[in-house]
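> Turn this into a model:
(2 chains)
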Amino acid sequence: MLRTTIAPGPAPTVFLAGEMDLDCADTLREAVAEAARDAHTVVLDFADVEFIDSSGTGIFVRLSLDMKSRGTPLAARNLSPAVKGVFDMLRVRELVGDDVFPDQSL
Amino acid sequence: MTDQAADSAASLQVFRYVAGDDTVRAVIGEIEADLPLEDLVAHARQALESERFMCYAVSQAGDFVADELCFVPQGERCEILTIRTNGWQRHHGDHRRSLVEILNNLAAAVACGKLRILDERELLQEARAGTQLVRFAIDDSASLATARDAVDLVLQESDIDDLTRQRTILCISEAVTNMLLHGGGQGSMTLRRLDDRLRVVVADEGPGMDFLNWIEPPTKKGQASMGYGFKIILDYLDAVGLRTGQTGTTLLLDRKTD
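Numbering: from 1, shown residues only, chains lettered A, B, ... in the order given. Next up, the predicted model:
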């Protein structure tokens, strides 16, 4: 199960914790929608994501592309080892763009 | 070609040639009347003699669809894999390249011994091998966490390293997700202990593997699919057994624990 906590501000952060799979779509979308009110960007913090599979990744990719097209892009930071391994394997950076990972060197 | 055939999905067919025989038999799918059996036998013999994996594009008379056939020699027998498109491209655009890529990935996995295509008898035997540890129903997305936790619990007691354990759990999640999205949405998962490995049997009674779903997920939830699930399974597990058809799909997912 995915749990979310929102830290408000001009660049609000959604702290993600738990597991991201087929089940996480609604939780993630609702948290991002809430955080995105009156914001120019939303930060997703993956530090406490213990598990992610290709469906969880696909949900993040689709949401990231949606938010970019709406003018409120996502920024992903603090990728846990579990997330980084799957994102690298699925070439997520190529799908969503380097700008989504501002704290990772190329 | 009838409209019904034109709307049918892209599906896997596997035939088997055994050295010394003068025909092939169907392992997945069926031998259709227009199948060029003599050609299949000749190519299978050639693949066995040369010990080489061979692929051919086969034109179908009266239709523009060309199926590709992969011949994979395996000792005394040759597995012949193809994806029947049945005119499906007429309605769904030209995804031939994607289909060929999927087919080649499957054939390559068979060639390197990672993937075994099972007939009914082999499935019954393999799915009962070893000792059953636990079995439970899969019927909604909440089952994903249950499935992962059950496998994690067993693997925690083995000597495998954390990365291998995590990758195994990822594969289980991918297999159960495939069942939920494409396998009729429900089925079962069974953990079995064999001498040197953990075997996870994931079985559904859905419509069988449809490669249209792999390319164009049909449901809203399916949009989450990146089409990589089965590739991850083949990349990360030690061995995979597959049986699929109109009465369901069963995957045997093996992780060596010794």
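> B:Gln74: how many residues sit nearby?
For B:Gln74, the neighbour count with other C-beta atoms under 10 Å in any protein chain shown is 15. Every residue, glycine included, has its C-beta placed from N, CA and C.
> for chain A, what spans make up the helices?
A:25-35, A:54-69, A:81-89, A:92-96 (DSSP state H).
> touching chain B at all, the third one?
Yes: applying C-beta under 8 Å from any C-beta of the partner chain, one finds helix A:81-89 in contact with chain B at A:82, A:85-86, A:89.
> Same check on the first one?
Yes: using C-beta under 8 Å from any C-beta, helix A:25-35 reaches chain B at A:Ala25.
> pLDDT (mean, whole number) over that helix?
For helix A:25-35, mean pLDDT rounds to 95.
> and it, which residues are buried?
A:25, A:27-28, A:31-32, A:35 (16 or more other C-beta atoms under 10 Å in any protein chain shown).
> Same question for the third one.
When burial is assessed from 16+ other C-beta under 10 Å, helix A:81-89 yields the following buried residues: A:82-87, A:89.
> Now the two most distant members of the residues of helix A:81-89 next to chain B.
For these, the maximum inter-member distance is 11.4 Å, found between A:Ala82 and A:Met89 (C-beta to C-beta).
> any idea of the mean pLDDT for the host helix or strand of B:Asp152?
Using DSSP states H and E, the element containing B:Asp152 is helix B:143-156. In this model, helix B:143-156 has a mean pLDDT of 95.
> Now it: buried residues?
Buried, per 16+ other C-beta under 10 Å, within helix B:143-156: B:143-145, B:147-148, B:150-151, B:154-155.
> residues near residue 38, how many?
No chain was given, so I picked chain A. 9.
> Actually, chain B is the one I wanted.
10.
> ok so, going back, figure out how far the helix holding B:Asp152 is from the centre of its chain.
22 Å (C-alpha atoms, centre = their mean, to the nearest Å).
> Would you mind listing the outside residues contacting that helix?
Here helix B:143-156 makes contact (C-beta atoms under 8 Å, 6 or more residues apart in numbering or on different chains) with A:1, A:19, A:21-23, A:51, B:133-134, B:136-138, B:165, B:168-169, B:172-173, B:176-177, B:180, B:189, B:191, B:193, B:198, B:200, B:255, B:257.
> Repeat the analysis, applying 6 Å as the threshold.
A:21, B:134, B:165, B:169, B:172-173, B:176, B:189, B:191, B:198 (C-beta atoms under 6 Å, 6 or more residues apart in numbering or on different chains).
> the inter-axis angle of that helix versus helix A:54-69?
130 degrees (axes from the mean of the first three to the mean of the last three C-alpha atoms, to 10 degrees).
> Pull helix B:143-156 out as PDB, backbone CA atoms only.
Taking Å, rounded to 0.1, in the frame of the first residue of the first chain, the C-alpha atoms of helix B:143-156 are listed here in PDB:
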ATOM      1  CA  SER B 143      -3.700  -9.700  -3.500                       C
ATOM      2  CA  LEU B 144      -0.400  -8.200  -4.900                       C
ATOM      3  CA  ALA B 145       1.000  -7.400  -1.500                       C
ATOM      4  CA  THR B 146      -0.200 -10.800  -0.100                       C
ATOM      5  CA  ALA B 147       1.600 -12.500  -3.000                       C
ATOM      6  CA  ARG B 148       4.800 -10.600  -2.500                       C
ATOM      7  CA  ASP B 149       4.800 -11.000   1.300                       C
ATOM      8  CA  ALA B 150       4.300 -14.800   1.000                       C
ATOM      9  CA  VAL B 151       7.300 -15.100  -1.300                       C
ATOM     10  CA  ASP B 152       9.400 -12.700   0.700                       C
ATOM     11  CA  LEU B 153       8.800 -14.800   3.900                       C
ATOM     12  CA  VAL B 154      10.000 -18.000   2.200                       C
ATOM     13  CA  LEU B 155      13.000 -16.300   0.600                       C
ATOM     14  CA  GLN B 156      14.000 -14.600   3.900                       C
END
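> In helices only, show me the contacts of helix B:143-156.
Using DSSP H, the contacts of helix B:143-156 in helices are B:165, B:169, B:172-173, B:176.
> circling back to that earlier point, separate out the buried members of the contacts of helix B:143-156.
Judged by 16+ other C-beta under 10 Å, buried ones among those: A:21, B:165, B:169, B:172-173, B:176, B:189, B:191, B:198.
> how does chain B divide into domains?
Structural domains assigned to chain B are B:3-113, B:120-256, following automatic domain parsing.
> How far does the shortest one sit from its chain's centre?
Spelled out, it's domain B:3-113. 14 Å.
> what does the longest one give?
Relative to the centre of its chain, domain B:120-256 is centred 11 Å away, using C-alpha atoms, centre = their mean.
> buried sites along the helix or strand containing B:Leu106?
For B:Leu106, the host element (DSSP H and E) is helix B:96-111. Within helix B:96-111, the residues that count as buried by 16+ other C-beta under 10 Å are B:96, B:98-100, B:102-104, B:106-107, B:109-111.
> I'd like the average pLDDT over that helix.
Helix B:96-111 comes out at a mean pLDDT of 82.
> Need the contact partners of it.
For helix B:96-111, using C-beta under 6 Å, 6+ apart, the contacting residues are B:10, B:53, B:68, B:70, B:72, B:79, B:81, B:83, B:115, B:211, B:215, B:234.
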